[in-house]
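S.K.: need a 3D model of the following:
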Amino acid sequence: MDPTLIVSKLAQSAVTALIKRLFVRDGPGAGLVERSAVPVRRLVRWQGEPLALKEHELHRLASELVHRAVDGDGERPIPPDEDLAVTDALARTLGVLGDIEMSDVQAVGLRAQGFAQELKARAPDADRELSADAALLHALLVDVAAVHILEFFTQRSTFAASALVAQGQVLAELTRKYSLLADRIPAPGDADAAFEARYLRDVALLHNHLTIFGIDLPQSPDSWPLDAAYLGLKCEVGGVGDDAPVPAELALAGRSRVLVRGVAGAGKTTFVQWLAVCAAKGEFPERLSALASRVPFVLPMRRFARDGFPSPGDFLSAVGYPGADAQPPGWVDRVLSGGRALLLVDGIDEAPETEREQLRRRLRAWTELYPGNVWLVTTRPSAVRDDWLAGEGFGELLLSPMSRDEITQFVRRWHEAARRQPSADTARLDRYEQSLLGAVRITRELGRLATNPLMCGLLCALHRDRRGYLPSGRKELYDAALTMLLERRDRERDMIVPTDGIALTRQPKIQLLQKLAHWMLINNRSEMDREVAIDILAQYLPAVPEAARQGDAERIYRHLLDRTGLLREPTHGTVDFVHRTFQDYLAADAIVQRHDFGLLLDHAHLVNWEDVVRMAMALARPDECADLLLRMVGHQEDVSAAKKARHLKLLAAACLEHVTEIDPVVRARVQNVTQHIVHPKSPASARSLGWIGPIVLEMLPQPATVGDDDALLLAITATSVADDMAIDFLTGLRDRGRLDIREQLAGAWRHYDTERYAQEIIAHLDRTGLYVPLSDLGEARALARIGGPSWLRITGPLVPRELAQVLPAQSVGRLRLGYDGAADEAEWRAYFPNVEGTG
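M.R.: Numbers count the residues shown, from 1 in each chain. Presented below is the predicted three-dimensional model:
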């Protein structure tokens, strides 16, 4: 049972109205004005009424409270056949109000918890026949009722005066007793402070690591210090016409509730780790200095799939923190109550879809119960609807694809890390670095694949592993990555003889890992119990003779964990894949091998199956792809909801770019069916269509056929496709005069080939009132070549002196600073007199 969920169902106004029905009205004729304080029993409505009437009124009111608590979304706290028993118990407990001699002032003095205990003590047998869950619900409803009863007392017209009198009589005695107690009871602050210091040190150590794929040479660690390897992310704040994404830490400044969306591999979890480590160390950038004094709690949703989202008191044990048993009782609650926490809820998409609304209500209840804390929640873009947490006061940020400049930074940092390894061939790594940078710039498919940290790291690792040769497609990339991890990892570590006595080739490893990935997919899990994994391996080992000959399920499990680089144990007794992408790819391969396309179709509308469907399309045979695509765009009886049918059709369109061979008739059929629904109606929907990929450009209306409002939406969709193919489409919008359209086009420059975009888009824009974003010197040189006066907005780490050598001050009409760089406004003004400051 989740108390916060139940409380969230009990709307304050509704409960207040019910509680008022227990008492007489305060006013003329009530006979209460002359008394300074009134016994509680004199306030109840049923005084002097027949017993039957009293029981009827109480039972009806109790029934309404129980009904509100158990109905609605989410799992019922008790079975339906226990509703009546809880109603009877609650009516009996509230009935003792007619026997309480203490005054309303004294009742308020007990506070809600004390008054609730008074009610329960006067009806000790009320819950005797209830089950454990029903007794808990009864106790919770009495607590809620006590809060509203005391609130009713304080709002009576005679209460304020009588309370002042009573307050004066007891204040001195209360102060004396409190002083005595303070001397006897040790303050929790001493124990809290000691534990908190230990906890912060541990968080800084536990989360200060970043896996860099491929950097696992002999004697090297499998991960790197986060503060040395972290590459800052950028995000879109959500406003239409923003001329460039901003650093994520800058976008967070001044926000206390944020939902961050990002595709798989975009760096959401790494960003959460970075925030946790910075908070634990108290070392944030100046814009986020307000977070430096906060206590971070990293709450990965994948850990809670089995037991549900934990209550605050269970935060540390639920995430497997090794020092959880040492925390002082109530410490987390005191941190939250003090408004000192930074709560990082990572991966809403990894929570079961049926539980996400329940989680949203819990977040709402906690943000109300614990004001003053900072909340950051992450999810894949399509896992929850637009403005999912807007009603709870959350703003939204969208992690941007890595720009060409950021890809370059990542590649250089990756190779710098490789050069630091023992016995590294630095000359060869230098050649690999330059070769890869050239390949990513020239090869369209590689440039598209490298736009998030996960894929960029894979490209770096594979490029080095294959001595400068790279696969060109997504399927080939994953296949090569698995080969590198499963076959070459031990060879790189000079492990000629396996230390565990097990020597498996690539294929049996793949087959067994597929079984684990398939189980996680079917059971909607991102991690599993270690014992479950061993049981699954034991079930399938007889069908994999090469593995069965070399050990039992436990030994094979340990081998896969230690030697593949694909599995890890995040907490004692649990196992998961190092990244969800590998899990999805292996699960898709398992489904294709089983020919289980009906299962795939039945689940294709679910968010956590989207990538699985795309990967299955890349792995399946042409006839299998054609059949599945036609069923996705057809009218299937098993997909009755219009929303699900639309999602399937869009997903079919997105799959076209992953299919290696397809009948042209089938391709045309998919495009014809989807073309009429790929027409954005709002900025949010326009931006979300980018997930379909470059194929969406073929389905959008032609720019020449729409007005300016629709043209803006087309610009948002097209610029959400991080592929140079979008440039051809955007040329149809470059002559539009409306400022927000021109701002959208200018702000997308960083996602595309610098020179080509400058020549084909920027050079054709009307620059009247338009601030052109500049993030690096390459863009500045391109702008200088196309000529003409410009207003500039600095959106990257540019140095004023270097920029002035490329763009003379007389060519810059105005200049705004939109980046927290090293140079201050005064330094900019020395080279560019027309600086307008930050904006």
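
S.K.: in stretch 616-632, what counts as buried?
M.R.: 616-620, 625-626, 628-632 (16 or more other C-beta atoms under 10 Å). For every residue, glycine as well, the C-beta is placed using N, CA and C.

S.K.: then stretch 798-808?
M.R.: So, applying 16+ other C-beta under 10 Å, buried residues of stretch 798-808: 798, 800, 803-804, 806-807.

S.K.: from the buried residues of stretch 616-632, which single one is nearest residue 460?
M.R.: residue 618 (22.0 Å; C-beta to C-beta).

S.K.: if I look at that closest one, how far off is residue 298?
M.R.: 34 Å (C-beta to C-beta, to the nearest Å).

S.K.: all helices of the stretch 351-500 of the chain, in order?
M.R.: Along the stretch 351-500 of the chain, counting by DSSP state H, counting those that start in this stretch, helices occupy 356-369, 404-419, 426-442, 444-449, 453-465, 474-483, 489-492.

S.K.: spatially central residue in this protein, please.
M.R.: With distances taken as C-alpha atoms, centre = their mean, residue 378 lies nearest the centre of the chain, 1.3 Å away.

S.K.: neighbours of the nearest residue to that residue once chain neighbours are set aside, how many?
M.R.: Nearest residue to residue 378 in three dimensions, chain neighbours excluded: residue 268, at 4.2 Å (C-beta to C-beta, 6 or more residues apart in numbering). Residues lying near residue 268 (other C-beta atoms under 10 Å) number 22.

S.K.: pretty sure residue 268 sits against residue 346.
M.R.: Yes - Residue 268 is within contact range of residue 346, at 6.7 Å (criterion: C-beta atoms under 8 Å).

S.K.: circling back: need the worst-confidence member of the buried residues of stretch 798-808.
M.R.: Within the set of the buried residues of stretch 798-808, pLDDT is lowest for residue 798 (85).

S.K.: can you tell me the element that one falls in?
M.R.: Using DSSP states H and E, residue 798 falls within no helix or strand.

S.K.: now it: how far from residue 405?
M.R.: For residue 798 relative to residue 405 (C-beta to C-beta), the value is 11 Å.

S.K.: pull up the overlap in contacts between those two.
M.R.: Listed as contacting both residue 798 and residue 405 by C-beta atoms under 8 Å, 6 or more residues apart in numbering are 775-776.

S.K.: compute the first-to-last residue distance for stretch 308-326.
M.R.: For stretch 308-326, the first-to-last residue distance is 23 Å (C-alpha to C-alpha, to the nearest Å).

S.K.: now the helix or strand harbouring residue 728: buried residues?
M.R.: In this assignment (DSSP H and E), residue 728 forms part of helix 725-730. Neighbour counts over helix 725-730 (16+ other C-beta under 10 Å) mark 725-727, 729-730 as buried.

S.K.: got it, and stretch 742-758?
M.R.: Those buried within stretch 742-758 under the rule 16+ other C-beta under 10 Å are 742-754, 757-758.

S.K.: which helix or strand contains residue 68?
M.R.: Counting by DSSP H and E, residue 68 is part of helix 51-70.

S.K.: please enumerate the strands of the stretch 101-250 of the chain.
M.R.: Using DSSP state E, counting those that start in this stretch, the strands assigned to the stretch 101-250 of the chain run over residues 210-211, 223-224, 234-236, 246-247.

S.K.: and the ones you listed, which one is worst for confidence?
M.R.: strand 223-224 (a mean of 57).

S.K.: which residues does residue 410 contact?
M.R.: By C-beta under 8 Å, 6+ apart, the neighbours of residue 410 are 231, 402, 450, 453, 456-457, 460.

S.K.: neighbour count and pLDDT added to those, as CSV?
M.R.: Formatted as CSV, these follow (neighbours: other C-beta atoms under 10 Å; pLDDT from 0 to 100):
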residue, neighbour count, pLDDT
231, 17, 72
402, 25, 83
450, 27, 78
453, 25, 81
456, 24, 83
457, 23, 80
460, 28, 86
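
S.K.: now the helices for the stretch 501-650 of the chain?
M.R.: 506-522, 530-540, 545-548, 553-563, 580-594, 597-603, 610-619, 622-633, 642-655.

S.K.: with mean pLDDT and distance to residue 247 added, can I get these in a markdown table?
M.R.: Output for the helices of the stretch 501-650 of the chain, formatted as a markdown table (pLDDT from 0 to 100; distance: least, C-beta to C-beta, whole Å):
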| stretch | mean pLDDT | distance to residue 247 |
| --- | --- | --- |
| helix 506-522 | 94 | 34 |
| helix 530-540 | 95 | 39 |
| helix 545-548 | 92 | 47 |
| helix 553-563 | 87 | 37 |
| helix 580-594 | 91 | 25 |
| helix 597-603 | 90 | 37 |
| helix 610-619 | 90 | 27 |
| helix 622-633 | 92 | 39 |
| helix 642-655 | 81 | 29 |
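
S.K.: format those helices as JSON lines; extra columns: distance to residue 682.
M.R.: What follows is the helices of the stretch 501-650 of the chain, written out as JSON lines (distance: least, C-beta to C-beta, whole Å):
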{"stretch": "helix 506-522", "distance to residue 682": "32"}
{"stretch": "helix 530-540", "distance to residue 682": "43"}
{"stretch": "helix 545-548", "distance to residue 682": "52"}
{"stretch": "helix 553-563", "distance to residue 682": "46"}
{"stretch": "helix 580-594", "distance to residue 682": "29"}
{"stretch": "helix 597-603", "distance to residue 682": "28"}
{"stretch": "helix 610-619", "distance to residue 682": "21"}
{"stretch": "helix 622-633", "distance to residue 682": "24"}
{"stretch": "helix 642-655", "distance to residue 682": "15"}
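
S.K.: between these, which gets nearest to residue 317?
M.R.: Per C-beta to C-beta, nearest to residue 317 of the helices of the stretch 501-650 of the chain: helix 530-540, 17.4 Å.

S.K.: what about dumping the CA coordinates of the helix holding residue 68 to PDB?
M.R.: The C-alpha coordinates for helix 51-70 follow below in PDB (Å, rounded to 0.1, in the frame of the first residue of the first chain):
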ATOM      1  CA  LEU A  51     -28.700   6.500  18.000                       C
ATOM      2  CA  ALA A  52     -29.800   5.200  14.700                       C
ATOM      3  CA  LEU A  53     -29.500   8.700  13.100                       C
ATOM      4  CA  LYS A  54     -26.000   9.100  14.500                       C
ATOM      5  CA  GLU A  55     -24.900   5.700  13.100                       C
ATOM      6  CA  HIS A  56     -26.500   6.400   9.700                       C
ATOM      7  CA  GLU A  57     -24.800   9.800   9.300                       C
ATOM      8  CA  LEU A  58     -21.400   8.400  10.500                       C
ATOM      9  CA  HIS A  59     -21.600   5.400   8.200                       C
ATOM     10  CA  ARG A  60     -22.500   7.500   5.200                       C
ATOM     11  CA  LEU A  61     -19.600   9.900   5.800                       C
ATOM     12  CA  ALA A  62     -17.100   7.100   6.400                       C
ATOM     13  CA  SER A  63     -18.300   5.300   3.300                       C
ATOM     14  CA  GLU A  64     -17.500   8.400   1.200                       C
ATOM     15  CA  LEU A  65     -14.000   8.700   2.600                       C
ATOM     16  CA  VAL A  66     -13.300   5.000   2.000                       C
ATOM     17  CA  HIS A  67     -14.700   5.300  -1.500                       C
ATOM     18  CA  ARG A  68     -12.400   8.200  -2.400                       C
ATOM     19  CA  ALA A  69      -9.400   6.500  -1.000                       C
ATOM     20  CA  VAL A  70      -9.800   3.200  -2.800                       C
END
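
S.K.: perfect, I'm done here.
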